[in-house]
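**Q** missing the sequence, but the structure's below:
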């Protein structure tokens, strides 16, 4: 993120003597991205973050690909994913390629027995149902319905839930997940025409230093494997930190829609971007105000990308029989568009109350076995009309 932030105690200069009250040195750690060429933070630990007591056998969480190549409009009924107690076991990858994994999850229990680190992917956890607290060494972030939690790679975290009723839409991005470049000036500040600004971002707070020895299990994910590490000191032993690399939250309800006299294309809804994909937020907004405008989206041929829409809430003027948690996948190569009758019905409407998250990847997505288990097999026929 393009915002400098700091919490706790840090020395006046980098890489200088910084002692504890007993005279011993704090352990400095540089958490850097793209080598030493991109965003980073400097962290000060009570103890070196390298004290490994035990390394268990890694196990695979690689998605099982069930449909690698396809050209079929597809719908997944996301709330058919069954709740599970464990946070990691609840995560079910459904659509994947080499740039990102799209995951559905319904975790019931807070993470108390272990910590988790995704060492190869930034994570975007969209909170569809539930609330709680993201806990990291950088501090804590409270979250609730509609929040995007952006957790950069290499961040050790735990999630504490308020109840057992939780639904998440998750993206693992194998490249940095950032605000769209066109909304940033040359210094990294979000510009005036951006649909959100730095005031809307919720940064870590309430840093709590856990100066503890013991057995602390950290499950670390890399290249489709989980490596069970046991460290001898608490992962959240930060006494202070500063920099640009840290988790944050942004609420979809704080996204300010860009509207016009005529129907606006999906890029106006863009919220984040990674390598070869974008994330968009569709929020309640005024419709187009040209006297002859057609608010419903036009038919569209995806030539260079797939299109994924995750339906969160509200009334969608372009589709019939939409349910919460439904995912539609419109693959590149064939057109898709509004359902029969919805174009005429949209004329004269002044606003929409829809809420959805869209992802456009520029490499084809593959479906996993978990996706096929919740597929609506007749979705591709939903545009049929009587032409006799």
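**A** Happy to help now that I have it. Computed from a predicted model, the values in this text were never measured in an experiment.

**Q** Would you mark the buried spots in the one helix or strand in the chain whose mean pLDDT sits lowest?
**A** Sorting the helices and strands of the chain by mean pLDDT, DSSP states H and E puts helix 342-346 at the bottom, at a mean of 82. Of the residues in helix 342-346, those buried by neighbour count under the rule 16 or more other Cβ atoms under 10 Å are 342-343, 346. For glycine as for every other residue, the C-beta is placed from the backbone atoms N, C-alpha and C.

**Q** Please determine how far residue 198 is located from residue 284.
**A** 23 Å (Cβ to Cβ, to the nearest Å).

**Q** Same question for residue 217.
**A** Spatial separation of residue 217 from residue 284 under the definition Cβ to Cβ is 43 Å.

**Q** before we move on, what about residue 193?
**A** Relative to residue 284, residue 193 is positioned 20 Å away (criterion: Cβ to Cβ).

**Q** what about these two, which has more around it?
**A** Neighbours were counted for residue 193 and for residue 284 using other Cβ atoms under 10 Å; residue 284 has more, 14 against 8.

**Q** just checking, the more buried one touches residue 356?
**A** No. Distance between residue 284 and residue 356: 10.8 Å, which falls outside the contact criterion (Cβ atoms under 8 Å).

**Q** Mutual contacts of the two, please.
**A** Both residue 284 and residue 356 are in contact with residue 314, where contact means Cβ atoms under 8 Å, 6 or more residues apart in numbering.

**Q** picking that back up, next SSE downstream of the least confident helix or strand of the chain?
**A** Downstream of helix 342-346, the first helix or strand assigned by DSSP states H and E is strand 351-352.

**Q** first to last residue in stretch 171-181, what's the distance?
**A** With Cα to Cα, to the nearest Å applied, stretch 171-181 spans 19 Å between its terminal residues.

**Q** quick one: buried residues of the helix or strand hosting residue 218?
**A** With secondary structure defined by DSSP H and E, residue 218 is part of strand 213-222. Of the residues in strand 213-222, those scored as buried under the neighbour-count criterion (16+ other Cβ under 10 Å) are 216, 218-221.

**Q** The residues you listed into a markdown table, with extra columns for distance to residue 125?
**A** Listed next are these as a markdown table, based on distance: Cβ to Cβ, whole Å:
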| residue | distance to residue 125 |
| --- | --- |
| 216 | 22 |
| 218 | 18 |
| 219 | 16 |
| 220 | 18 |
| 221 | 14 |
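
**Q** low-scoring stretches of the protein, by residue?
**A** Along the chain, the parts satisfying pLDDT under 70 run over 1-2, 316-320, 385-388.

**Q** That one: helices as residue ranges?
**A** Taking DSSP state H as the criterion, the chain contains helices spanning 87-90, 342-346, 369-372.

**Q** Now those in JSON lines, please, with extra columns for distance to residue 135.
**A** Written out in JSON lines, the entries for those read as follows (distance: least, Cβ to Cβ, whole Å):
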{"stretch": "helix 87-90", "distance to residue 135": "12"}
{"stretch": "helix 342-346", "distance to residue 135": "44"}
{"stretch": "helix 369-372", "distance to residue 135": "28"}
